[in-house]
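Student: Could you look at this predicted model? Sequence included:
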Amino acid sequence: TQLLEQSPQFLSIQEGENLTVYCNSSSVFSSLQWYRQEPGEGPVLLVTVVTGGEVKKLKRLTFQFGDARKDSSLHITAAQPGDTGLYLCRHFHNAGNMLTFGGGTRLMVKP
Amino acid sequence: EAQVTQNPRYLITVTGKKLTVTCSQNMNHEYMSWYRQDPGLGLRQIYYSMNVEVTDKGDVPEGYKVSRKEKRNFPLILESPSPNQTSLYFCASTPGPYNEQFFGPGTRLTVL
């Protein structure tokens, strides 16, 4: 199984700060998705990135797909308490048709 | 309303007592999955199904069974639950593996 490594595992910041979380693999992604999971709920899709070098923005969230398609990052500008949650990256492992998630980054934004 | 439903939401049981967690989706999705979520380990795929009567093992299939007799339903069966299967379980469906996955609300299982 292709491993997805996410870092950091935990992040606690103050409201208004900026942050970046990462998703890395030793192999090339065909595509990558980012999800956010809030306590007591299932993950919800934020974005899908497909093309190497691609940058997508979702309000204060900026997603970047590495040129070599082996890594991705999520940058949040001026974090708010509502951004608190578990951020997960996921890719489709087409050799086995499995959908693999990274271990996640647990973000807490304090007011 | 398009959704994935799971039942039960919470279950406490004892070692060895067979149980089934049901999953149903009303979006006509082909691909369905079961995951377990444990602290520090993220979501790990247990089994998946790409269509009716087609099921395959994910990363952690030991101790679990599934079936896909109809497109909308994908039950997870624990024939002889053990304490190491205590976890939070999610069912998910998607039109295809490159598309968005829609998750159920989760089933919190405790095996004593």
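Tutor: Yep, it's here.
Student: pLDDT of the lengthiest strand in chain B, averaged?
Tutor: Ranked by number of residues, the top strand in chain B under DSSP state E is strand B:42-51. Throughout strand B:42-51, pLDDT has a mean value of 92.
Student: Note down every partner strand of the next helix or strand after that strand and its orientation.
Tutor: For strand B:42-51, the following helix or strand on the C-terminal side (DSSP states H and E) is strand B:54-57. Its sheet considered, strand B:54-57 pairs with strand B:42-51 (antiparallel) by DSSP bridges.
Student: Send me the strand it pairs with as CSV with only the CA atoms.
Tutor: Only the C-alpha atoms of strand B:42-51 are listed here, as CSV (Å, rounded to 0.1, in the frame of the first residue of the first chain):
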residue,chain,number,x,y,z
GLY,B,42,-6.2,8.1,10.3
LEU,B,43,-8.8,6.3,8.1
ARG,B,44,-7.9,2.8,7.1
GLN,B,45,-9.8,1.0,4.4
ILE,B,46,-11.2,-2.3,5.5
TYR,B,47,-13.1,-3.5,2.3
TYR,B,48,-14.4,-1.8,-0.8
SER,B,49,-16.7,-2.7,-3.6
MET,B,50,-16.6,-1.4,-7.1
ASN,B,51,-20.0,-2.8,-8.0
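Student: neighbours around the nearest residue to B:Thr107 once chain neighbours are set aside, how many?
Tutor: Once flanking residues are discounted, B:Thr107 sits nearest to B:Tyr89: 4.6 Å by CB to CB, 6 or more residues apart in numbering or on different chains. C-betas here are computed from N, CA, C, even on glycine. The local packing of B:Tyr89 (other CB atoms under 10 Å in any protein chain shown) involves 22 other residues.
Student: same question, the one 4 residues further on
Tutor: The criterion is other CB under 10 Å. On that basis, B:Ser93 has 28 neighbouring residues.
Student: sec struct for it, please.
Tutor: Following DSSP: H, G, I helix; E, B strand; the rest coil, we place B:Ser93 in the strand state.
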